[in-house]
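In: What shape does this take:
(chains A and B)
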2 protein chains.
Amino acid sequence: MTGIKEKLLPLVAPDLEKIEVALRNNLTPHLDLVRETAGHLMFAGGKRLRPLLIVLSARICGHEDAFVSKFASIFEFLHTATLLHDDVIDGATVRRGKPVANAVYGAPVTVLTGDFLLARALNIAAESESMRIIKVVSAMTETISQGEIHQLIKKGDLNFSEAEYMAVIRAKTGVLIQGACKTGAILANANEAAEDALSAYGDHLGLVFQIADDILDYTADTGELGKSVGADLREGKLTLPVIHALKNASPEDRARMAAIITNTDFTREEFDMLLGLLDRYGGIAYAKDVAAAHVRKAKARLTAFAPSQTREILEMMADYALNRRA
Amino acid sequence: MTGIKEKLLPLVAPDLEKIEVALRNNLTPHLDLVRETAGHLMFAGGKRLRPLLIVLSARICGHEDAFVSKFASIFEFLHTATLLHDDVIDGATVRRGKPVANAVYGAPVTVLTGDFLLARALNIAAESESMRIIKVVSAMTETISQGEIHQLIKKGDLNFSEAEYMAVIRAKTGVLIQGACKTGAILANANEAAEDALSAYGDHLGLVFQIADDILDYTADTGELGKSVGADLREGKLTLPVIHALKNASPEDRARMAAIITNTDFTREEFDMLLGLLDRYGGIAYAKDVAAAHVRKAKARLTAFAPSQTREILEMMADYALNRRA
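Out: Have a look, this model is predicted:
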């Protein structure tokens, strides 16, 4: 599976360039500090997954238009807004290999810049003058904040179930990725079957992306990941590998894991012990299996479209979502 | 001027009741914690100024409809969202006589509940299916966050000018009050002259409200105000009374004021000394004069409408905005 990124990047490079231009052109704050704070994170090497998905989704429906990359900004702005607020909330220190915005500009400016980006995204959606797009975007925003709060409530809760985990990641991550795919179809004025297919593709892809992200928190090294490994656990955030291992562990091992999870100040040795227990109970392998099933489902939905390079790229993105190293 | 509130309240009581119902019915979060956190502030005795303004603005244009109070929620939700984020940002402890939401539910849930309310407001706007209302609401949201950041940047800046202050309060407070009046006119499908008149009324009223708020920070007592007196200054927030006094002070007095302003940990004695200096240079009297001029301008714009009880109420609201004690 290695080399997907290398294969994928040249295929989407022209789109990525247009997206970068659109992101800069549509940010338009009155204040330099807002541009700086938003830009600190937004122009620090994000993958541009969401804007790319709207461009590709519109394209696979036969729609190619300079305005697509403008509306693509909506999704990167919303994504950036949630990351800015997340980093304030989590007290994170590093993101994309750089100090987080709140460490540089302070929490107040970071919270307000997040608000600005939320508002900016909705303004761009309004400019589409499409009631459907406006409703997709505003509904997403509402769902995301509730997903984040749901996750917050469940921090440190050892009974957090797989079903609840799936509901949380769908709300906090999935709807935005799904929304990007759906919006591409709406912009293309695609028929219902095409829109449904892309919407379902986006739903599966969103789950893959978040599960993979949660796996990376245990398997990557900090340098690759651009943020601290084990950060989720340190915040008491239970993700699929841990949820699965906890469920299948012997009472003794469950107690050992619980002790580490409920102690947010665990040592490197304790973290390694936890990794050993995840391994013993197949937590990471299980999470990978779940994600792989969603990769297959995502790809299956693309068969609604005739084979094309765009379809291939979307298929590769599903593989990449699971197999990326950061 | 005493007794305006007592005169005003019975006149708007039926509207206020409908607004309370609409606020509760349109909040609709999936999670109890969101309802609790939003409700902690939103159902703690807010004045409902903004929702009331949309109801009255629609009415003066001849429009009466059960849906008006639904759209009125937009403005209270946005207002509450900004207050929740403000209190996190400012590290406030008391608001409306109660501990702030972030003190009770923590900053993370409070930030995210603010996000939810922002999104909820935009969803309700989208439900209007009126592109004009959607654009007014999303534009406001963008302006407010930038006004807040502008204010933040200028904290502790002794050269913060009156013109800049007016720009900041118009952005952070004015546009929402103006937007409520304008949206009432749009819902009523009013002609351009009526919409312009209400929009201008709202603009002046918004300035009055914020200037009065800033005056109260020096003149009220904590019990009346429901939050700490002198809080603005403690945060380095320069408002009109101080800006005017600083501009007119002798070099010695300016230096004395500067010493207090730049020391966010000033004593009660120092604060009293500052109050004395505000008095010497007529800071509060000047701010009242500026606000009173906007009260007159606000009322003047209402003459575009035939005399009616609704017009009288709107006139009284302008008086109340300046003369309220909290």
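In: Going by C-alpha atoms from here, please, whenever you check contacts or count neighbours.
Out: Will do.
In: I'd like the distance between the residue lying farthest from the centre of chain A and A:P241.
Out: Most distant residue from the mean C-alpha position of chain A: A:E252, 34.6 Å away (Cα atoms, centre = their mean). Applying Cα to Cα, to the nearest Å, the value for A:E252 to A:P241 is 18 Å.
In: now do A:V68
Out: Taken as Cα to Cα, the span from A:V68 to A:P241 is 37 Å.
In: Also A:T82?
Out: Computed as Cα to Cα, the A:T82 to A:P241 distance reads 24 Å.
In: need the contact list for A:T28.
Out: A:R35 (Cα atoms under 8 Å, 6 or more residues apart in numbering or on different chains).
In: how about the residues of the stretch 101-250 of chain A near chain B?
Out: A:107-109, A:111-113, A:115-117, A:119-120, A:122-123, A:126, A:129, A:131, A:134-135, A:138-139, A:141-142, A:145-146, A:148-150, A:152 (Cα under 8 Å from any Cα of the partner chain).
In: Show the buried residues in these.
Out: For these, a burial check counting by 16 or more other Cα atoms under 10 Å in any protein chain shown picks out A:107-109, A:111-113, A:115-117, A:119-120, A:122-123, A:126, A:131, A:134-135, A:138-139, A:141-142, A:145-146, A:148-150, A:152.
In: Just the ones of these in helices?
Out: The members of these that map onto helices under DSSP state H are A:107-109, A:111-113, A:115-117, A:119-120, A:122-123, A:126, A:131, A:134-135, A:138-139, A:141-142, A:145-146, A:148-150, A:152.
In: Longest helix of chain A, counting residues only.
Out: helix A:192-219.
In: how about the residue of the stretch 151-300 of chain A found nearest chain B, what does it touch?
Out: Proximity of the stretch 151-300 of chain A to chain B (Cα to the nearest Cα) peaks at A:L152, 7.5 Å away. A:L152 makes contact with A:237, B:109, according to Cα under 8 Å, 6+ apart.
In: I'd like to know how far it sits from A:Q210.
Out: In terms of Cα to Cα, A:L152 sits 16 Å off from A:Q210.
In: quick one: the helices in the stretch 151-300 of chain A?
Out: All helices of the stretch 151-300 of chain A, identified by DSSP state H, counting those that start in this stretch, fall at A:162-169, A:175-187, A:192-219, A:222-225, A:231-234, A:240-248, A:251-262, A:268-280, A:283-302.
In: Would you point to the one among these that's packed deepest?
Out: Comparing the helices of the stretch 151-300 of chain A on average neighbours per residue, with mean count of other Cα atoms under 10 Å in any protein chain shown, the densest one is helix A:175-187 at a mean of 28.
In: just the angle between that helix and helix A:131-153, please?
Out: Relative orientation of helix A:175-187 and helix A:131-153, computed by axes from the mean of the first three to the mean of the last three Cα atoms, to 10 degrees: 170 degrees.
In: so what does helix A:175-187 touch, helix or strand wise?
Out: helix A:49-60, helix A:66-90, helix A:131-153, helix A:192-219 (3 or more Cα pairs under 8 Å, 6 or more residues apart in numbering or on different chains; DSSP states H and E).
In: So for A:A245, which of these sits nearest?
Out: Nearest of those to A:A245, taken as Cα to Cα: helix A:192-219 at 12.9 Å.
In: rewinding a little: now tabulate the helices and strands packed on helix A:175-187 in a markdown table and tack on mean pLDDT.
Out: Output for those, formatted as a markdown table (pLDDT from 0 to 100):
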| stretch | mean pLDDT |
| --- | --- |
| helix A:49-60 | 98 |
| helix A:66-90 | 94 |
| helix A:131-153 | 95 |
| helix A:192-219 | 97 |
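In: Select, out of those helices, the one closest to B:A44.
Out: helix A:131-153 (22.1 Å).
In: Quick one: distance of the closest one to the chain centre.
Out: A distance of 14 Å separates the centroid of the chain from that of helix A:131-153, by Cα atoms, centre = their mean, to the nearest Å.
In: Which neighbouring elements make contact with the longest helix of chain A?
Out: In terms of contacts (3+ Cα pairs under 8 Å, 6+ apart), helix A:192-219 is packed against helix A:162-169, helix A:175-187, helix A:231-234, helix A:240-248, helix A:283-302, helix A:309-323.
In: average pLDDT for the second one?
Out: Which is helix A:175-187. Averaged over helix A:175-187, pLDDT sits at 98.
In: With just CA atoms, put it into PDB.
Out: C-alpha atoms of helix A:175-187 as PDB (Å, rounded to 0.1, in the frame of the first residue of the first chain):
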ATOM      1  CA  VAL A 175     -20.500  14.800   8.400                       C
ATOM      2  CA  LEU A 176     -18.000  17.300   7.100                       C
ATOM      3  CA  ILE A 177     -16.400  14.800   4.800                       C
ATOM      4  CA  GLN A 178     -19.800  13.500   3.700                       C
ATOM      5  CA  GLY A 179     -21.000  17.100   3.300                       C
ATOM      6  CA  ALA A 180     -18.100  17.900   1.000                       C
ATOM      7  CA  CYS A 181     -19.000  15.000  -1.300                       C
ATOM      8  CA  LYS A 182     -22.700  15.800  -1.200                       C
ATOM      9  CA  THR A 183     -22.100  19.500  -1.900                       C
ATOM     10  CA  GLY A 184     -20.000  18.600  -5.000                       C
ATOM     11  CA  ALA A 185     -22.900  16.600  -6.300                       C
ATOM     12  CA  ILE A 186     -25.400  19.400  -5.500                       C
ATOM     13  CA  LEU A 187     -23.100  21.900  -7.300                       C
END
